[in-house]
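how does the following fold in three dimensions:
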Amino acid sequence: MNYSINHIFKPRRLLYYIQATEADITNMYLGIVPDIFNQYIDAFGTYDCPGIFRIRTDGNNMRVIGMEFRMDDPRVIYPANLEHIELSPSFMMGIDITSDISLDCAKVDSIIQEFKPQESAQNNWPYILKENFPKVVEVFTLENKNRIYVSAKTTEKSYNFIPETPQENTHEELYKKAYLDPITGYFNWNHIKPYLEGFGLKGIQDFAFVHFDVKDFKTLNEIYSHHIANNLLRRIAKKITEQDWIYQGARCDNDNFALMIKDMPDEEIREKLTDFFDSLSSLPEDPTYNIYFRCGVVPMRNSLLLSDRVPDGAKLVQKMGNKFNSTEIIFYTDKIHDEILWGKKIKTYLTTAIANDEFLVYLQPKYDINSEQIIGAEALVRWNYQKKGLLPPVKFIPYLEREGSIGKVDDIVLHKVCQYLRRWQEEGLPLHPISVNLSRKQLEKQNLIEHLTNIVDTYQIPHELIDFELTESATISNQIYMMSILAKLKEKGFKISIDDFGTGYSSLSMLTEMPLDTLKIDKSFVDGIDTDTDATKECTIVKCIISMAKELNFHCLAEGAETQKQIDKLRHFGCETIQGYYYSKPLPVEEYELKLKEK
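Modelled structure (predicted):
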């Protein structure tokens, strides 16, 4: 049986419960929750979802269905019609099991008995030991796993691992080196980490965890000097010490800070952090320079679930901040965590998927709007994941882009397209340009031009049959470098297309410098012209894009056309090429070949 270990400290709390029948317990193991708890799921002040609880007190063995709530908080709405008991602060040892293992009372007891955390490499809290007869057992049936918590016993060591403030006659210098940051004089990660592991031991009962950094801190260093950048770090540390809602803080490394703050409703946390960051948003040495922050927040309920992985959760959502000129505060959710885990899973599996030839290429034909004949196609990747069925592109392309692995898939698509063109050439079929995606990550690759040219030349394919397609947003950063890449591809005889035109923020003046062949109008604009009149904003935009493309000698293609009305308007506006479901959905290569043979 595969399981993972989770350690948490649960503070003093109230368990609200109902007496459970055998049928109630069985239903809970099947994921069916009594209606009386539904209104409290994910409510502020709850510590987990509804679960099955077994409490051993004074020889009694009480088995109930219930939910745990924070104590003594006027903002929490407690169930008025349920019994409750108080549970003592305690360390809990958790066992996470895949959801395909069915549970019942006997199975849970068996798992607890067989569980040997001391023998596991995951047991990084050796001072927390499993109880032979746990006083508290909690079982939660979740969508993607089952979780069992059992109360644990602790060694004496666990009560001595939080550092004390240096007192008279202590080794003060050693303390400073171990627990203080030399630049700010404020606490470092070594100081705050033990509070996370045993926060209840120091009177911190409920906390949210925050991790943040300064956006573009490197530029601040380079433009204004290390001295001014370090002054900003000191201001941040000082500001932390002035907040009564912050329990503990630390400068972790570089411009990264961690905070343990009072747990509050999400809106209140966001308000507190917004005010905090606003107070640090200008540089005293240059008030015209704006400072922005990127912040990840793990609320209390998720902090308990993540336990010693709380910092990882906060840093993961912190890294999702990608806006240039704004401070971003992003909250950790179970959905985000599942998406991140899925991204890492497919990244790990990618090498195996490539070896198993799981990536397929579908071709969506492009049609001349006047002759209504095929004049080309776009190559679209599909993943036959573990040979069990096709994954929707949204389930893997954004994740591989985020993880930086999308270039490997781009190469597979280019190889396959070249293979098809080579075969059609030998069979005497009509040859039309095929567009293949060039991702932002691929554009950053060293020796990109040589790399792409070598792939195409391996199959002896004329360069004009390959149309490299990149999104408008990919052209925004490092424009000088981007222009040089496009110019070199053009010199090699390849075609260049800009996809999703109009959805990004690149300067229109860039179009006068880009060596483009085709401007693709995004589907979002085409959707808006499906009307009985031309006097709409969408119609005006589409007409302007088509007119501008013609003036700049670009070919104009409209994506996503699905209705006769859209086709008629695009023809009337002067658009030349259509790619959309009106003519054809993306096709397996064999079906596209049939269309070529018919032609």
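
just the strands in the stretch 101-250 of the chain please.
Taking DSSP state E, counting those that start in this stretch as the test, the strands found in the stretch 101-250 of the chain are 128-130, 136-141, 145-154, 207-214, 246-253.

possible to save the ones you listed as a markdown table with distance to Met260, mean pLDDT and mean neighbour count?
Glycine gets a C-beta too; all of them are placed from N, C-alpha and C. Formatted as a markdown table, the entries for the strands of the stretch 101-250 of the chain read as follows, by distance: least, C-beta to C-beta, whole Å; pLDDT from 0 to 100; neighbours: other C-beta atoms under 10 Å:
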| stretch | distance to Met260 | mean pLDDT | mean neighbour count |
| --- | --- | --- | --- |
| strand 128-130 | 20 | 76 | 19 |
| strand 136-141 | 24 | 91 | 22 |
| strand 145-154 | 21 | 85 | 21 |
| strand 207-214 | 5 | 95 | 24 |
| strand 246-253 | 4 | 94 | 20 |
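
columns distance to Ile466 on top of the ones you listed, output as JSON lines?
Formatted as JSON lines, the entries for the strands of the stretch 101-250 of the chain read as follows, by distance: least, C-beta to C-beta, whole Å:
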{"stretch": "strand 128-130", "distance to Ile466": "59"}
{"stretch": "strand 136-141", "distance to Ile466": "52"}
{"stretch": "strand 145-154", "distance to Ile466": "45"}
{"stretch": "strand 207-214", "distance to Ile466": "41"}
{"stretch": "strand 246-253", "distance to Ile466": "45"}
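
show me the one of those strands that comes nearest Asp467.
Comparison of those against Asp467 by C-beta to C-beta identifies strand 207-214 as nearest, at 39.9 Å.

can you list contacts of the closest one?
The contact list for strand 207-214 (C-beta atoms under 8 Å, 6 or more residues apart in numbering) reads 196, 199, 220, 232, 236, 247, 252, 254-264, 269, 273, 277, 291-300, 303, 310-311, 313-315, 318.

what's the angle between that strand and strand 246-253?
Angle, strand 207-214 to strand 246-253, by axes from the mean of the first three to the mean of the last three C-alpha atoms, to 10 degrees: 40 degrees.

partners of strand 207-214, with directions?
Strands that pair with strand 207-214, judged by DSSP bridges, come out as strand 256-262 (antiparallel), strand 293-298 (antiparallel).

distance check, the residue lying closest to Val381 once chain neighbours are set aside against Gly407.
Once flanking residues are discounted, Val381 sits nearest to Val413: 5.3 Å by C-beta to C-beta, 6 or more residues apart in numbering. In this structure, Val413 lies at 11 Å from Gly407, with C-beta to C-beta, to the nearest Å as the measure.

how about Asp96?
Taking C-beta to C-beta as the measure, Asp96 and Gly407 are separated by 34 Å.

please apply the same query to Gln425.
Taking C-beta to C-beta as the measure, Gln425 falls 27 Å from Gly407.

neighbour-wise, which of those two wins?
With other C-beta atoms under 10 Å as the criterion, Gln425 and Gly407 differ in neighbour count, and Gly407 comes out ahead with 20 against 15.

secondary structure element for that one?
Remark: Gly407 resides in helix 406-427, with elements defined by DSSP states H and E.

how far out from the middle of the chain is that helix?
31 Å (C-alpha atoms, centre = their mean, to the nearest Å).

cool, stretch 510-527 as well?
In terms of C-alpha atoms, centre = their mean, the gap separating the centre of stretch 510-527 from the centre of its chain is 29 Å.

how long is that stretch end to end?
The first and final residues of stretch 510-527 sit 26 Å from each other (C-alpha to C-alpha, to the nearest Å).

low-confidence ranges in this structure?
Within the chain, the stretches with pLDDT under 70 are 1-4, 58-60, 99-100, 116-127, 155-171, 199-201, 472-478, 502-509, 599.

quick one: contacts for the spatially most central residue of it?
Among the residues of the chain, Ile340 comes closest to the average C-alpha position under C-alpha atoms, centre = their mean, at 4.9 Å. Taking C-beta under 8 Å, 6+ apart as the definition of contact, the neighbours of Ile340 are Leu316.

how close does it sit to Ile240?
Counting by C-beta to C-beta, the gap from Ile340 to Ile240 is 27 Å.

go on, Ser225?
For Ser225 relative to Ile240 (C-beta to C-beta), the value is 23 Å.

likewise Asp181?
Counting by C-beta to C-beta, the gap from Asp181 to Ile240 is 12 Å.

now do Arg402
Distance from Arg402 to Ile240, by C-beta to C-beta: 30 Å.

now Lys218
Summarising the geometry, the distance separating Lys218 from Ile240, computed by C-beta to C-beta, is 22 Å.

quick one, what contacts Leu180?
With contact taken as C-beta under 8 Å, 6+ apart, Leu180 is in contact with 186-188, 191.

closest to Leu363 out of those residues?
Each of those was checked against Leu363 using C-beta to C-beta; the closest is Asn188, at 55.9 Å.

around the closest residue to the closest one other than its chain neighbours, count how many other residues there are.
Sequence neighbours aside, Asp181 is the residue nearest to Asn188 in space, at 4.6 Å (criterion: C-beta to C-beta, 6+ apart). Residues contacting Asp181 under the criterion other C-beta under 10 Å number 21.

which SS class is the residue nearest to Arg75 when sequence neighbours are not counted?
Nearest residue to Arg75, sequence neighbours excluded (C-beta to C-beta, 6+ apart): Phe44, at 6.4 Å. For Phe44, the secondary structure call by DSSP: H, G, I helix; E, B strand; the rest coil comes out as coil.

gap between Phe44 and Gly313?
Between Phe44 and Gly313 the distance, using C-beta to C-beta, works out to 19 Å.

neighbour count for those two, which is higher?
Between Phe44 and Gly313, counted using other C-beta under 10 Å, Gly313 has the larger neighbour count: 24 against 20.

OK, contacts around the more buried one?
Residues touching Gly313, when contacts are defined by C-beta under 8 Å, 6+ apart, comprise 209, 296, 298, 302, 306, 332, 337.

tell me the bridge partners for the first one.
Phe209 forms beta bridges with Met260, Val298, as assigned by DSSP bridges.
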